[in-house]
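K.L.:
My questions concern the predicted model and sequence given below.
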Amino acid sequence: MNNSVRNTARLLGAGLRALLVLTLVTGVLYPLVVTGIAQGLFLGKANGSEVEAGGRVVGSSLIGQQGYSLDYFQPRPADGLGENSLNTQYKLILSGATNLSADNEKLVRSVRAAKAEVVKENSTAGHRVNPADVPADAVTSSGSGLDPDISPRYADLQVHRVAERNHLPVAQVRRLVDRHTESRTLGFLGEPRVNVLELNIALKGLVAER
Amino acid sequence: MGPVLAGVLQLLALVAALALAYVPAGSYMARVYTSKRHLRVEKWIYRGIGADPDAEMTWTAYLRGLLAFSVAGVLFLYLLMRLQGVLPGSLGFASVDPAQAFNTAVSFVTNTDWQSYYGEQTMGHVVQTAGLAVQNFLSAAVGMAVAVALMRGFALSHSRPRSSGGTPMRVGDLGNFWTDLVRGTVRILVPAAAVAAVVLAACGVIQNFSGIHEVGQFMGGSQQWNGGAVASQEAIKELGTNGGGYFNANSAHPFENPTPFTNLFEIFLILIVPFALTRTFGLMVGSVRQGYAILATMVTIWLGFVVLMMWTEFAHHGPALHAAGGAMEGKEVRFGIGSSSIFAVSTTLTSTGAVDSFHSSFTGLGGGLTMLAMMLGEIAPGGTGSGLYGMLILAVIAVFVSGLMVGRTPEYLGKKIGAREMKLAACYILITPALVLVLTAVSLALPTPAHSMLNPGAHGFSEILYAFTSAANNNGSAFAGLNANTDWFNTMTGLAMLLGRFLPMIFVLALAGSLAGQRPVQVTAGTLRTDKPLFTGLLVGAVLIITGLTYFPALALGPLAEGLAS
C-alpha cells in the first residue's frame, strides 16, 4: 500500500516536472520567439492592422464596424455581437454569431425585416431596388459579427443612395466601389469582397475634395 | 467564375497541397519516433523530468505515465485559471469560476477545446499563452504517442526476455511515453507551429502582448480590443487538431483568420498531421501500402462529406436561408460558402472543432453532417494520433467481420485478432456512443438542462445532442446557441470529455500491449489482404454501418427532422 502510494506520488511528480519543462518550451519560449519575429517583420499586422484617416486611427481594416450613417456604405448586420458581462471594468466587444437555426421563425423575421429595410433605404427617387437583387450577405449576420467586408453586389446596390446623399455622380461612386472590390485571391480563393471601412474612408476623401 | 466552381478549385488546391506534403511529413514523423538519438535540448528535458528516455515500457507503464502527465495537466491548468485574479499579465481579469475552470482544464487537456466561456472577456495572456496554448501542444503530442505505441504493437515481432527473471514477457514493450511525448512536441509540433504562426502573422493574425487598448472608430468614439499572442496559438490550435479559439468567434474572427488564404492554410494545418500519420504507420509496420489503404479510407469519407456539405449549403434549404437567398447566416463574406463547407467538414471529421462559420445556422442537413462526422469517431482523418488509432480499431473490426464471413481466424498485419483483441476493440467503439446517447437522454429527461436551448423544436434537441457528441468525441465545436455555462453542462460535458478521451486510450494501449506480445503469423494465400482496395471498401462500410447506424435514431429526431422538413 505504502509502496503504491509512493509510486503514484513519484509518477505524479514526474508528470508535473514534464509539464513545467514543456510549458517553458511551448508556453514561454515559443510564443516569445514568434512574437519577436512578428513584431520585427510585420509590425502593423501583428498589432491589429490599424487604419489611419485624417490623422487619427479610425479602426482596423480587418474588423468590421457598426453605426455608419446612411451617407456611408453599410456593413452586414451583426446580431450576434455582444458586450462583455465579465470583467466589466472594460467595454469589450464579444465576437459571435446569432446561432439561430435555418428554421427559426425569429431568424426568418429578421431576414425579412432586414431585406425590407435594405430595399427601402437604397431606393432613391430615380432608382427602385428590386428585392430579388438584395444579396444574402446584406440580410444575414456573419460568424464573427465583425465581418469587415460586404459582397460587391451589396456595395453596388448602395451606390445610388450613397451618390444621392453625398451629391456625387452615380458613375463616380460606382468607380469608387469598383476600385475597392477585391477579387478572389489568385482567382479562386474565397469570394470577391469590398472592405467597408476602406471604402468609406475613400468616399469621405472624395466628398471632401468636391 | 461561380462560387461552386471556386469552391471545387479550393478543394483541389487543398488536396494537392496535402498530397505534396504527405510523403515528407509522414516519413519525417516515422524517423522521429524510431530514431535512436536524442537531441541536446531533449536530453535537458529528460533530465528535468527525471526520466530515462531509453527505458522500454509495457503498456501499463506507458499508460501510467500518460495518466500522470494528464492529471498534472488538468490540475495545473485548473489552478492557473482559479488564480488568474492574482496573476500578473492577466489584463486584470478575474479568476474563473470552479465549474467553468474544471470544464476548461479538462477540455484542453483532452484535446477537445470545448469552450463554455468567451475568450476575449475571460482569459488573460498568461492563461491563454502559458496554459491553454501549452495544452494545445501537449494533448496533441499525447494523442500521437498513443498512436505510435499502437503502431509498435503491430510492428514488434518478438516477445522479449525479461532482464531479471529470464521468463519471456507475454505482453511486449511499447517504447517510452516520455520520449514519444517530448519528441512529438520538440521535433514535430513546435517547429511546424512556429513556421505556421509566422505565415499567419504575415497575413494579419495579431501577435502581441499589449493590454486592452482603445481604438478609434470611423464615425467617432472608440472600441476596446484585446491584444494577444494569437498567431502562435492559432497555429498549434489547428496543427494539433485542438480548436479552442482565442476569441469567441474562433476562426471566424478576422484576427484569427483574416483572409481566404489563411482559411485554406488553416484547413491544411488541421489535416496534415492526421493524414500523414498513415504513412508513418505504413513505414513503422513495414509496408507503406498498408498505410495507403487506411489513407484511402479516410480520403473517401472526407471527400464524400465535403461534396455533400457543399451540395446542401449551396442549395440553402430552410425558411430563413431561403428568404435570405443564400446560406450566409453565420458565414463570413471573405470565405463564402464553398470554403466554409470544407472547413466545417474538416474540423468535425478531425477532433479540431475550430469553426470559421457557425454550424448552428447551417442548413438542417449541413448541421447534421457536422454531427455525423463527429459520430463516426473522428477518424477520417481524425485528430492528431487519435484519428489513426480510432481508424485502426475499426480496421481490426473490419478484419474480424470479414474473417467471420469466410470462417477463418482473423488477422491484421500478421497479428491474430482473438477474443481479447476483439473485446478491447468492442469496448473502444461502444464507449463514445454510450456517453453521447445516455447523457443526451438524461439532459432531456431532467427539467432544467433544456432551459439552455436557444432554438425551438428539433434544432433545440440538436443543440444538446451536438454538445455531448462534441464533448465525448473530443471535438469542441458546438451548436453554440446552447448556454453551456451552467453547472450541469460544465460538469457533464467535462465528464464526457474525460471518459471519452482516456477510456478509449486505455483500450488502445491494452490492445497494443496484447499485440506486441504476439508472435506474427505467416501470411498465406487465405490471408485477407489489407493493403488492397477491397479492404478499403470493407473499412468504409464498417465505419458507416457500425458507428453511423448507432446514432441514426438520434439523428432522425434532430437534424434529419429539421432538414427534411425544409
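P.N.:
Noted; the coordinates are in hand. Numbers count the residues shown, from 1 in each chain, chains lettered A, B, ... in the order given.
K.L.:
Which parts of the chain are strands?
P.N.:
Let's take chain A. For chain A, the strands defined by DSSP state E cover A:50-53, A:56-60, A:82-83, A:93-94, A:149-150, A:181-182, A:193-195.
K.L.:
sorry, should have said chain B
P.N.:
Going by DSSP E, chain B shows strands at B:213-216, B:222-225, B:411-412, B:415-416.
K.L.:
Make TSV from the ones you listed and add mean pLDDT and mean neighbour count to it.
P.N.:
Just so you know, the C-beta spots here come from the backbone N, C-alpha and C atoms, and that holds for glycine as well. Converted to TSV, the strands of chain B look like this (pLDDT from 0 to 100; neighbours: other CB atoms under 10 Å in any protein chain shown):
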stretch	mean pLDDT	mean neighbour count
strand B:213-216	91	15
strand B:222-225	91	17
strand B:411-412	94	24
strand B:415-416	94	22
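K.L.:
Among these, which comes closest to B:Gly119?
P.N.:
Nearest to B:Gly119 among the strands of chain B is strand B:222-225; the distance by CB to CB comes to 12.6 Å.
K.L.:
So what touches the lengthiest helix in chain A?
P.N.:
When every helix of chain A is counted residue by residue (DSSP state H), the longest turns out to be helix A:2-23. Helix A:2-23 is contacted by residues B:45, B:48-51, B:64-65, B:68-73, B:76, B:130, B:134, B:137-138, B:178, B:181-182, B:185 when judged by CB atoms under 8 Å, 6 or more residues apart in numbering or on different chains.
K.L.:
same thing with stretch B:399-409?
P.N.:
If you take CB under 8 Å, 6+ apart as the criterion, stretch B:399-409 is touched by B:410-412, B:416-418, B:422, B:425, B:526, B:528, B:530, B:538, B:542.
K.L.:
Taking the residues you listed, please make a ChimeraX selection of just the buried ones.
P.N.:
Burial among those is assessed by 16 or more other CB atoms under 10 Å in any protein chain shown; the matching ChimeraX selection reads:
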select /B:410,411,412,416,417,422,425,528,530,538,542
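K.L.:
Serialize the contacts of stretch B:399-409 to TSV and add fields for distance to chain A.
P.N.:
Formatted as TSV, the contacts of stretch B:399-409 follow (distance: CB to the nearest CB, whole Å):
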residue	distance to chain A
B:Pro410	36
B:Glu411	35
B:Tyr412	32
B:Lys416	33
B:Ile417	32
B:Gly418	31
B:Met422	31
B:Ala425	28
B:Gly526	45
B:Leu528	41
B:Thr530	36
B:Leu538	36
B:Ala542	32
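K.L.:
who touches B:Tyr78 in this structure?
P.N.:
B:Ala101, B:Phe102, B:Ala105 are the contacts of B:Tyr78 under CB under 8 Å, 6+ apart.
K.L.:
and which of the residues you listed is nearest to chain A?
P.N.:
Closest approach to chain A among those (CB to the nearest CB): B:Ala105, at 12.2 Å.
K.L.:
which regions of chain B sit below the pLDDT cut-off?
P.N.:
For chain B, the stretches with pLDDT under 70 are B:157-172.
K.L.:
pLDDT of the longest helix of chain A, averaged?
P.N.:
Mean per-residue pLDDT for helix A:2-23: 94.
K.L.:
related to what we said a few turns ago, reformat the strands of chain A as TSV; add distance to B:Phe362.
P.N.:
Formatted as TSV, the strands of chain A follow (distance: least, CB to CB, whole Å):
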stretch	distance to B:Phe362
strand A:50-53	33
strand A:56-60	28
strand A:82-83	21
strand A:93-94	22
strand A:149-150	20
strand A:181-182	26
strand A:193-195	21
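K.L.:
Throw those into JSON lines and include mean neighbour count and mean pLDDT, thanks.
P.N.:
Listed next are the strands of chain A as JSON lines, based on neighbours: other CB atoms under 10 Å in any protein chain shown; pLDDT from 0 to 100:
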{"stretch": "strand A:50-53", "mean neighbour count": "16", "mean pLDDT": "96"}
{"stretch": "strand A:56-60", "mean neighbour count": "20", "mean pLDDT": "96"}
{"stretch": "strand A:82-83", "mean neighbour count": "13", "mean pLDDT": "94"}
{"stretch": "strand A:93-94", "mean neighbour count": "22", "mean pLDDT": "94"}
{"stretch": "strand A:149-150", "mean neighbour count": "28", "mean pLDDT": "98"}
{"stretch": "strand A:181-182", "mean neighbour count": "16", "mean pLDDT": "98"}
{"stretch": "strand A:193-195", "mean neighbour count": "25", "mean pLDDT": "98"}
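K.L.:
Do a quick rundown of the helices in chain A.
P.N.:
Ranges of helices within chain A are A:2-23, A:30-41, A:43-46, A:105-122, A:152-157, A:159-165, A:170-179, A:196-209, based on DSSP H.
K.L.:
now those in TSV, with mean neighbour count?
P.N.:
What follows is the helices of chain A, written out as TSV (neighbours: other CB atoms under 10 Å in any protein chain shown):
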stretch	mean neighbour count
helix A:2-23	16
helix A:30-41	18
helix A:43-46	18
helix A:105-122	17
helix A:152-157	22
helix A:159-165	20
helix A:170-179	16
helix A:196-209	18
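K.L.:
in chain A, which ranges drop under the pLDDT threshold?
P.N.:
Counting by pLDDT under 70, the ranges of chain A that qualify are A:1.
K.L.:
Give me the subset of the contacts of stretch B:399-409 that lies in helices.
P.N.:
Here DSSP H is the test, and these give B:Met422, B:Ala425, B:Leu538, B:Ala542 as lying in helices.
K.L.:
Can you tell me, leaving aside adjacent residues, what's nearest to the first one?
P.N.:
Leaving aside its chain neighbours, B:Met422 sits nearest to B:Phe400 (5.7 Å; criterion: CB to CB, 6 or more residues apart in numbering or on different chains).
K.L.:
how deep is B:Ala193 tucked in, by neighbour count?
P.N.:
29 (other CB atoms under 10 Å in any protein chain shown).
K.L.:
That one: what's it in contact with?
P.N.:
A:Tyr30, B:Phe137, B:Ser232, B:Ala235, B:Ile236, B:Leu239, B:Gly240.
K.L.:
just B:Thr278 next, same as before
P.N.:
Counting by CB under 8 Å, 6+ apart, B:Thr278 makes contact with B:Gly26, B:Gly291, B:Tyr292, B:Ile294, B:Leu295, B:Met298, B:Pro381, B:Leu388.
K.L.:
how much space is there between the residue nearest the centre of chain A and chain B?
P.N.:
Nearest to the mean C-alpha position of chain A, by CA atoms, centre = their mean, lies A:Asp147 at 2.4 Å. Using CB to the nearest CB, to the nearest Å, A:Asp147 is found at 5 Å from chain B.
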